[in-house]
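Novice: here are the coordinates; sequence isn't available:
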């Protein structure tokens, strides 16, 4: 039995996260190269914002597409997701 869970937004999320992954690798290289901490912090902020935006899209998509008409488990999911925003 396959438990595949795919939404229309997932391919875009994968692209966003792969971009963030590449950006994070660059930040690691900056640290290894001894770049100034302020430059590294700015780049880390950009990575953090990219991942946070991807998380928001994923959560909003889940709320829009997966939560039903207020079933108890749906409300539990919604409360758990709200903590992540």
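Specialist: Noted; the coordinates are in hand. Owing to the predicted nature of the structure, the values given are computational and were not obtained by experimental measurement. Numbers count the residues shown, from 1 in each chain.
Novice: What's the per-residue pLDDT of the residue nearest to residue 58 when sequence neighbours are not counted here?
Specialist: Taking Cβ to Cβ, 6 or more residues apart in numbering as the measure, residue 58 lies nearest to residue 13, with 6.0 Å between them; neighbours along the chain are not counted. (Glycine included, C-beta is placed from N, CA and C.) Confidence at residue 13, expressed as pLDDT, is 94.
Novice: Residue 13: helix or strand, and which one exactly?
Specialist: Taking DSSP states H and E as the criterion, the element that holds residue 13 is helix 10-32.
Novice: in whichever helix or strand comes after that helix, what counts as buried?
Specialist: Tracing the chain C-terminally past helix 10-32 and defining elements by DSSP H and E, one meets helix 37-66 next. The neighbour-count check on helix 37-66 (16 or more other Cβ atoms under 10 Å) flags 40, 43-44, 47, 50-51, 54, 57-59, 61-62 as buried.
Novice: Could you do stretch 18-37 as well?
Specialist: For stretch 18-37, the buried set under the neighbour-count rule, 16+ other Cβ under 10 Å, comprises 20, 24, 27, 30.
Novice: Any idea how far it is from the middle of the chain?
Specialist: Between the mean C-alpha point of stretch 18-37 and the mean C-alpha point of its chain there is a distance of 18 Å (Cα atoms, centre = their mean, to the nearest Å).
Novice: Need the contact partners of it.
Specialist: 39-40, 43-44, 46-47, 50-51, 54 (Cβ atoms under 8 Å, 6 or more residues apart in numbering).
Novice: what's the closest of those residues to residue 73?
Specialist: In terms of Cβ to Cβ, no member of the contacts of stretch 18-37 lies closer to residue 73 than residue 54, at 24.7 Å.
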